[in-house]
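Asks: Mind looking at a prediction? Sequence and model below.
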Amino acid sequence: MSSKFSTVRLTLDGEHFEILVHPDPALDFKFGRNVDISQIVAVDEVYSDSNKGMRVPSEKLFKHFKTNNFLQIAETILRKGDLNLTTDQRRKLVEEKRKQIVATIARNYVDPRTGLPHPPLRIEQAMSEVRLSIDPFRDVAEQTKTVIDQLRSLLPLKSEKIKLLVKVPALYSSQSFGALKGAGEIVKEEWGADGGLTVIIEIPAGVHSTLLDRLGSLTKGTAQATVMH
């Protein structure tokens, strides 16, 4: 079969089903984007072994999929099956996932010796040293826990949250509230009669300085933020 196609494989009750697909639209579909199935499939056949050109008999398809409509069967295989990524796809997805993991660590963990987050470059270097394997489809939060366990031998890491008391003048309260909601968990909020905003927010220690910069920019330096002890 042509190397320009990818394979999607699904096993049901010990039986193997494969379809040949165009790599990029198939990946878009797997990530939940709206792609027409007919634009994804490369060959209108279901195989038990696509490399050998072994087709699945129609009666076996009906037994497992309750239909002989190819596009319906293909959609099921696409949704439930495993897509064989191209080398370029895997490289890009792994790199993107690696950046997300690095950002998550920098946001949620600090160096306990300084109370400051590790620079992303330092985290990336440590990940390279321990030769971590990144799964392009596995959840970022779930993988981050595994990465943290492996990095602790090289980087001192502490998950730490802090509470801030933030006061914002009425002129900038609306846009600032959106930024605050995106930074952490709002524990308490009060809106003054003049429209001013007072918030107690719990945030990862790693985003403290970033949030202060953001508030400073939004409020032209008029917001007040105090760490609560």
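Replies: Arrived safely.
Asks: contacts, neighbours, all on C-alpha from now
Replies: Will do.
Asks: Wasn't residue 187 part of a strand?
Replies: Yes: applying DSSP: H, G, I helix; E, B strand; the rest coil, one finds residue 187 inside a strand.
Asks: contacting residues for it?
Replies: Contacts for residue 187 were tallied using Cα atoms under 8 Å, 6 or more residues apart in numbering; they are 199-202.
Asks: hmm, try it at 10 Å
Replies: 163-164, 199-202 (Cα atoms under 10 Å, 6 or more residues apart in numbering).
Asks: cool, and residue 168?
Replies: 174, 176-177, 191, 195-199, 215, 218-219, 221-225.
Asks: hmm, back to that, out of the contacts of residue 187, which comes closest to residue 115?
Replies: Checking those against residue 115 with Cα to Cα, the nearest one is residue 163 at 14.3 Å.
Asks: List the strands paired with the host helix or strand of the closest one, with their directions.
Replies: Taking DSSP states H and E as the definition, residue 163 sits inside strand 161-168. Sheet pairing of strand 161-168 (DSSP bridges) gives strand 197-204 (antiparallel), strand 224-228 (antiparallel).
Asks: Output the below-cut-off pLDDT ranges for this structure.
Replies: 1-3 (pLDDT under 70).
Asks: Can you show me the helices along it?
Replies: Secondary structure of the chain (DSSP state H): helices located at 23-30, 37-40, 58-65, 70-80, 87-108, 120-129, 140-151, 173-183, 208-219.
Asks: and of those helices, who's closest to residue 7?
Replies: Among the helices of the chain, helix 23-30 comes nearest to residue 7, with 8.4 Å by Cα to Cα.
Asks: Tell me which other helices or strands that closest one touches.
Replies: strand 6-12, helix 37-40, helix 70-80, strand 82-83, helix 87-108 (3 or more Cα pairs under 10 Å, 6 or more residues apart in numbering; DSSP states H and E).
Asks: neighbouring contacts of the first one?
Replies: Contacts of strand 6-12 from elsewhere in the structure, counted by Cα under 10 Å, 6+ apart, are 16-24, 26-27, 41-42, 46-51, 64-65, 74, 76-86.
Asks: Taking those residues, please make a PyMOL selection of just the buried ones.
Replies: Here is the PyMOL command that selects the buried residues among the contacts of strand 6-12 (16 or more other Cα atoms under 10 Å):
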select buried, resi 17+18+19+20+21+22+23+26+27+41+42+46+47+48+50+65+74+77+78+81+83+84+85
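Asks: show me what contacts the residue nearest to residue 44 when sequence neighbours are not counted?
Replies: Excluding the flanking residues, the one nearest residue 44 by Cα to Cα, 6 or more residues apart in numbering is residue 70, at 6.8 Å. When contacts are counted by Cα under 10 Å, 6+ apart, residue 70 touches 38, 41, 44-46, 58, 61, 76.
Asks: how is this structure carved up into domains?
Replies: The record's domain split for the chain, according to automatic domain parsing, is 6-83, 87-158, 160-228.
Asks: gap between the longest one and the chain center?
Replies: By that I understand domain 6-83. Domain 6-83 has its C-alpha centroid displaced from the chain centroid by 25 Å (Cα atoms, centre = their mean, to the nearest Å).
Asks: Now do the residue nearest to the spatial centre of the chain against residue 48, distance only.
Replies: Among the residues of the chain, the one closest to the centroid is residue 140, at 4.9 Å (Cα atoms, centre = their mean). Distance from residue 140 to residue 48, counting by Cα to Cα, to the nearest Å: 33 Å.
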